[in-house]
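Chemist: sequence isn't available, so here's the structure alone:
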Ligand SMILES: Nc1ncnc2c1ncn2[C@@H]1O[C@H](COP(=O)(O)OP(=O)(O)O)[C@@H](O)[C@H]1O
Ligand SMILES: O=P(O)(O)OC[C@H](O)CO
């Protein structure tokens with residue numbers, strides 16, 4: 001048998017299945033979108049069965065497309081949208097509520113009141129996260145408090161909690177394995193990233209019964225085998241990681257100081273800080289980047305809510321482009337003399353500002369401002385926000401490489417050469433775009449391949465990482481400084497708490 005690896009990439013808007021050969025080259029992809037549910041303002045839900053059906057359907061479809069059978073797949077790796085919370089009945093496997101998605105803000109008041117009672121220090125020091133509805137803990141408590149009889153059933157051991165990886169693992173193994181990996185656990189706000197265990201005091205604070213929680217394993221580990229009826233053969237599941245951490249692996253950022261940034265709908269920058277967790281004083285998150293051989297590698301993370309979404313806004317709300325690629329064409333035509341800024345706080349500002357109340361704003365408009373300047377401002381805003389994150393990382397950690405930082409980028413938006421060049425210009429640092437842009441799936445496939453002995457150890461995998469293009473900074477220092485200070489001024493004028 002020529003072994004292949006199947007990566008399941010379960011994202012916020014679609015499920016994808018990707019087959020890699022043993023050299024980690026992509027040989028087939030299947031993708032299916034699923035509906036988003038917005039039952040109230042600020043609420044976002046997924047139907048767990050949609051997550052499962054798109055997963056299994058795309059797995060079957062990609063096998064068909066590539067002419068493979070389950071017997072040709074040596075291992076499965078799972079990567080997933082993080083923090084999204086599901087609780088289900090252990091007996092029937094049926095969820096007791098829809099999945100509450102990471103973007104959902106319904107538990108803002110709960111978080112605010114815990115903050116006002118002075119609990120943020122406990123949360124930050126144990127979990128590395130901020131007391132924010134983004135994470136799983138208050139979402140799980142909300143389900144237990146709002147579904148009739150849920151707390152009683154949980155007390156009788158009938159319910160199971162999981163992030164999306166855990167739910168898919170449960171389904172794939174026919175309800176035999178209830179587990180997660182350390183990267184996903186580190187996004188729940190219930191996990192102590194220093195001791196590597198669920199934290200008693202955090203469980204009490206968020207009123208989460210320990211019995212509902214999954215077992216936490218390494219990111220490359222034995223997660224059981226698939227139910228043979230599903231893909232025609234029992235297949236070992238050897239890797240699990242949250243999608244941003246899987247991208248860190250796919251980008252081979254194994255050494256402290258290495259940094260990747262993923263530009264999809266939002267943008268997530270993750271910096272490997274080695275075996276020591278770094279406590280942020282700039283409202284970045286401390287998280288587990290990867291865990292191999294029971295040893296966690298820590299990371300600092302900055303999350304921006306609007307990246308490619310700003311391009312979608314140009315297309316869908318303003319109608320000034322027909323497709324995403326036109327944003328770059330338009331930006332090239334913009335009048336250089338106009339200093340137009342877009343602060344895309346459409347749903348508030350993420351790191352390092354964490355200002356839920358601010359809303360988007362534009363500055364510097366004149367009579368001659370038109371679609372080209374709007375497009376340029378939208379693309380530039382993503383780059384300015386990345387610089388904000390990297391500057392915060394530099395202030396937080398002396399190991400940050402400074403001027404010689406190389407940023408590895410991936411995600412749909414890095415197709416834009418214009419944006420990547422401006423990113424290098426405004427960061428004054430090289431930006432590397434890899435040949436394989438499916439970095440997240442690659443990371444999951446690598447973890448599964450590592451576990452099953454198909455893939456080489458991290459250093460050899462890192463040596464095989466291939467660059468597509470390096471964007472080098474070309475802007476003069478004075479222009480860079482003027483442009484960035486204009487952005488900082490625009491942000492100051494936009495924030496709700498000035
Ligand atoms: N050539 C391009 N220029 C600018 N933005 C682009 C380009 N191609 C795709 N995008 C943006 O990238 C995003 C899609 O990236 P993807 O990684 O698929 O996101 P997600 O996983 O969050 O759905 C979209 O928001 C789209 O607007
Ligand atoms: O599914 P994505 O790519 O939008 O990623 C979502 C993140 O994991 C949320 O933390």
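Modeler: Ah, there it is. Just so it is clear, the structure is predicted and the values come from calculations on it, not from any experiment. Ligands and ions are numbered 1, 2, ... in the order given.

Chemist: okay, CA-based contacts and neighbour counts for the rest of this
Modeler: Will do.

Chemist: tell me which residues in the strand ranked longest in the chain are buried?
Modeler: Criterion DSSP state E: the longest strand present in the chain is strand 295-304. Neighbour-count burial for strand 295-304 flags 296, 297, 298, 299, 300, 301, 302, 303, 304 (criterion: 16 or more other Cα atoms under 10 Å).

Chemist: same check on stretch 354-374?
Modeler: In stretch 354-374, counting by 16+ other Cα under 10 Å, buried: 354, 355, 356, 358, 359, 361, 362, 363, 371, 372, 373, 374.

Chemist: show me which of the residues you listed is closest to ligand 2.
Modeler: Taking Cα to the nearest ligand atom as the measure, residue 354 is the one of those closest to ligand 2, at 14.4 Å.

Chemist: what's the distance between residue 330 and ligand 2?
Modeler: According to Cα to the nearest ligand atom, to the nearest Å, residue 330 and ligand 2 sit 26 Å apart.

Chemist: what secondary structure does the residue nearest to that residue when sequence neighbours are not counted sit in?
Modeler: Take residue 330 and drop its neighbours on the chain: the residue closest to it by Cα to Cα, 6 or more residues apart in numbering is residue 372, 4.9 Å away. The three-state label given to residue 372 by DSSP: H, G, I helix; E, B strand; the rest coil is helix.

Chemist: for ligand 2, what's the nearest residue on the stretch 151-300 of the chain?
Modeler: When distances are taken as Cα to the nearest ligand atom, the stretch 151-300 of the chain reaches nearest to ligand 2 at residue 243, 5.3 Å away.

Chemist: so that residue is in contact with residue 12, correct?
Modeler: No - Residue 243 is beyond contact range of residue 12, at 10.3 Å (criterion: Cα atoms under 8 Å).

Chemist: out of those two, which sits in the busier spot?
Modeler: A count of neighbours by other Cα atoms under 10 Å puts residue 243 above the other of residue 243 and residue 12, at 26 against 20.

Chemist: tell me the spacing between the more buried one and residue 227.
Modeler: Computed as Cα to Cα, to the nearest Å, the residue 243 to residue 227 distance reads 24 Å.

Chemist: again with residue 475
Modeler: From residue 475 across to residue 227, the span is 56 Å (Cα to Cα).

Chemist: hmm, back to that, parallel or antiparallel, list what pairs with the longest strand of the chain.
Modeler: Paired neighbours of strand 295-304 in the sheet (DSSP bridges): strand 267-274 (antiparallel), strand 285-292 (antiparallel).

Chemist: state the mean pLDDT of the last one.
Modeler: In this case it means strand 285-292. In this model, strand 285-292 has a mean pLDDT of 97.

Chemist: in it, what counts as buried?
Modeler: Of the residues in strand 285-292, those buried (16+ other Cα under 10 Å) are 285, 286, 287, 288, 289, 290, 291, 292.

Chemist: tell me which element residue 86 falls in.
Modeler: Taking DSSP states H and E as the definition, one finds residue 86 inside strand 86-89.

Chemist: thinking again about what came up before, hmm, the residue nearest to residue 330 is touching residue 328, no?
Modeler: No - counting by Cα under 8 Å, residue 372 stays clear of residue 328, with 9.2 Å between them.

Chemist: what sits against the nearest residue to residue 461 once chain neighbours are set aside?
Modeler: Nearest non-adjacent residue to residue 461, counting by Cα to Cα, 6+ apart: residue 252, 7.2 Å away. Residue 252 sits next to 458, 461, 462, 465 when contact means Cα atoms under 8 Å, 6 or more residues apart in numbering.

Chemist: so how far is residue 199 from residue 252?
Modeler: 30 Å.

Chemist: can you pull the pLDDT of the residue with the largest distance to the centre of the chain?
Modeler: Outermost residue of the chain with respect to the C-alpha centroid, by Cα atoms, centre = their mean, is residue 367; its distance is 39.6 Å. Each residue has a pLDDT score; the one for residue 367 is 95.

Chemist: in the stretch 351-498 of the chain, where is pLDDT below threshold?
Modeler: Applying pLDDT under 70 to the stretch 351-498 of the chain flags the ranges 402-404, 497-498.

Chemist: ranges for the helices of it?
Modeler: 371-396, 417-427, 439-451, 458-463, 477-494 (DSSP state H, counting those that start in this stretch).

Chemist: check these for me and report the most buried one.
Modeler: helix 439-451 (a mean of 30; mean count of other Cα atoms under 10 Å).

Chemist: need the contact partners of it.
Modeler: Here helix 439-451 makes contact (Cα under 8 Å, 6+ apart) with 5-9, 18, 20, 24, 75-79, 219-222, 237-241, 243-251, 410-411, 455-457.

Chemist: quick one, which of those residues are buried?
Modeler: Of these, these count as buried by 16+ other Cα under 10 Å: 5-9, 18, 20, 24, 75-79, 219-222, 237-241, 243-251, 410-411, 455.

Chemist: show only the entries of the residues you listed found in helices.
Modeler: 243, 244, 245, 246, 247, 248, 249, 250 (DSSP state H).

Chemist: what's the closest of those residues to ligand 1?
Modeler: residue 243 (9.5 Å).

Chemist: per-residue confidence for the closest one?
Modeler: Residue 243 is given a pLDDT of 95.

Chemist: and the gap between it and residue 429?
Modeler: Taking Cα to Cα, one finds residue 243 at 25 Å from residue 429.

Chemist: quick check: the gap between residue 3 and ligand 2.
Modeler: In terms of Cα to the nearest ligand atom, residue 3 sits 28 Å off from ligand 2.

Chemist: phi, psi for that residue please.
Modeler: Backbone torsions of residue 3, given as degrees, to the nearest 10, read phi -70, psi 140.

Chemist: who in this protein is up against ligand 2?
Modeler: Contact residues (Cα under 6 Å from any ligand atom) of the chain with ligand 2: 11, 12, 81, 82, 243, 244.

Chemist: which pair in these spans the largest distance?
Modeler: Farthest-apart pair in those is 12 and 244; separation 12.4 Å (Cα to Cα).

Chemist: quick one, domains of the protein?
Modeler: 4-243, 252-498 (automatic domain parsing).

Chemist: ligand 1: which of those is closest?
Modeler: Of all the domains of the chain, domain 252-498 comes closest under Cα to the nearest ligand atom, at 3.2 Å.

Chemist: that closest one close to ligand 1?
Modeler: Yes - Domain 252-498 lies within reach of ligand 1 by Cα under 6 Å from any ligand atom, at 264-265, 308-309, 311-312, 324-325, 327, 411-413, 415-416.

Chemist: now list the buried members of those residues.
Modeler: 264, 265, 308, 309, 311, 312, 324, 327, 411, 413, 415, 416.

Chemist: so how far is residue 126 from the second one?
Modeler: Translated: residue 265. For residue 265 relative to residue 126 (Cα to Cα), the value is 29 Å.

Chemist: cool, and the fourth one?
Modeler: In this structure, residue 309 and residue 126 are 32 Å apart, going by Cα to Cα.

Chemist: list the buried ones in stretch 274-287?
Modeler: Buried-residue list, stretch 274-287, by 16+ other Cα under 10 Å: 274, 277, 278, 279, 280, 282, 283, 284, 285, 286, 287.
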